[in-house]
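S.K.: Have a look; sequence and predicted model below, questions after that.
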Amino acid sequence: MRTLVSLAAIVATPTAVLAATSTIGRTWPIAEPDALSEIEGQAARVPDMTTAFGPRERWSAMKAASLGISRADRTRTVVPFYTLDQGIRLPEGKLLYAKGYSFNPLAYVSLPQRLIVVHPRELDWALRTTKPADFILLAADSPGDADAITLGERHGRALFLLEERVKARLGLTVAPVIVAQDGQKLVLTEVDRRKTDRSAVR
């Protein structure tokens with residue numbers, strides 16, 4: 001019994017704890033640079049975009065599609081059919097879908113979020129209307145408006161530009177408009193712009 005007690009005392013001593021963290025065998029310093037330091041170093045070498053390409057408002061990538069102003073509450077639906085501009089073949093050459101084949105992507109996928117399309121002057125209303133997962137798309141507005149990057153930084157939320165192809169694909173004509181999926185169609189809820197103006201004043 002005395003031997004067991006002595007053994008327990010040895011195991012419980014601080015010396016035993018230190019032994020658990022001691023180094024056994026040869027060691028070498030880490031040769032790879034710290035990942036965070038590497039990222040910071042690379043970021044520091046990226047040229048200033050404004051210096052390289054001029055003010056952001058002149059960048060072609062920052063040009064949003066234009067939309068009219070919604071003058072009434074209106075709801076309509078769109079089925080976003082897609083038509084193949086070329087045939088799709090399997091690896092062995094067998095034709096799977098011929099050029100000109102049309103289908104509705106919403107028959108196969110679902111959109112978990114809504115799209116809130118607004119002009120920059122309606123952004124405050126959009127921020128109050130959206131859910132965290134919704135996407136806010138900015139249409140073109142008055143010259144001199146802050147760009148999407150600046151507005152996103154100002155409000156602490158990612159904002160996106162409305163592209164011409166998205167405008168055409170969704171059949172958008174005016175803003176503000178809320179786009180949501182309902183089964184195999186999109187529901188476009190156009191909001192009377194005067195309502196967003198009045199809510200902004202409150």
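M.R.: Yes, it's here.
S.K.: ok, residues contacting stretch 121-133?
M.R.: In this structure, residues lying in contact with stretch 121-133 by C-beta atoms under 8 Å, 6 or more residues apart in numbering are 112-114, 116, 118, 136, 138, 141-142, 145, 151, 155, 157, 159, 175-176, 178, 193, 196, 199-200. From N, CA and C alone the C-beta is placed, and that goes for glycine too.
S.K.: mind checking the end-to-end distance for that stretch?
M.R.: 21 Å (C-alpha to C-alpha, to the nearest Å).
S.K.: what's the distance between that stretch and the middle of its chain?
M.R.: From the chain centre to the centre of stretch 121-133 is a distance of 15 Å (C-alpha atoms, centre = their mean, to the nearest Å).
S.K.: For this structure, just list every one of the strands.
M.R.: Counting by DSSP state E, one finds strands in the chain at the ranges 68-69, 74-78, 82-83, 88-89, 95-97, 102-103, 115-118, 135-138, 160-161, 174-175, 177-182, 185-190.
S.K.: avg pLDDT for the third one?
M.R.: Strand 82-83 shows a mean pLDDT of 89 in the predicted model.
S.K.: which residue is nearest the centroid of this structure?
M.R.: Nearest to the mean C-alpha position of the chain, counting by C-alpha atoms, centre = their mean, stands residue 158 at 6.7 Å.
S.K.: how near is the residue nearest to residue 75 when sequence neighbours are not counted to residue 98?
M.R.: If you skip the residues right next to it in sequence, residue 75 has residue 189 as its closest partner in space, 5.1 Å away by C-beta to C-beta, 6 or more residues apart in numbering. From residue 189 over to residue 98 the distance is 36 Å, taken as C-beta to C-beta, to the nearest Å.
S.K.: who has more neighbours, these two?
M.R.: For residue 189 against residue 98, the residue with the higher neighbour count under other C-beta atoms under 10 Å is residue 189, and the figures read 16 against 11.
S.K.: Contacts only, for that one.
M.R.: Residues 73-75, 177-180 are the ones in contact with residue 189 under the rule C-beta under 8 Å, 6+ apart.
S.K.: What count of nearby residues applies to residue 65?
M.R.: Residue 65 has 19 nearby residues by other C-beta under 10 Å.
S.K.: residues in contact with it?
M.R.: Neighbouring residues of residue 65 by C-beta under 8 Å, 6+ apart: 139-140, 161-164, 166-167, 172.
S.K.: one more time with 10 Å
M.R.: 117, 137-140, 161-168, 172, 175 (C-beta atoms under 10 Å, 6 or more residues apart in numbering).
S.K.: Report pLDDT for it.
M.R.: On pLDDT, residue 65 comes in at 84.
S.K.: So it versus residue 36, what's the distance?
M.R.: Plainly put, residue 65 is 39 Å away from residue 36 if you go by C-beta to C-beta.
S.K.: now residue 168
M.R.: Counting by C-beta to C-beta - residue 168 and residue 36 are separated by 43 Å.
S.K.: where does the protein have low pLDDT?
M.R.: Judged against pLDDT under 70, the low-scoring parts of the chain cover residues 1-21, 46-62, 142-146, 198-202.
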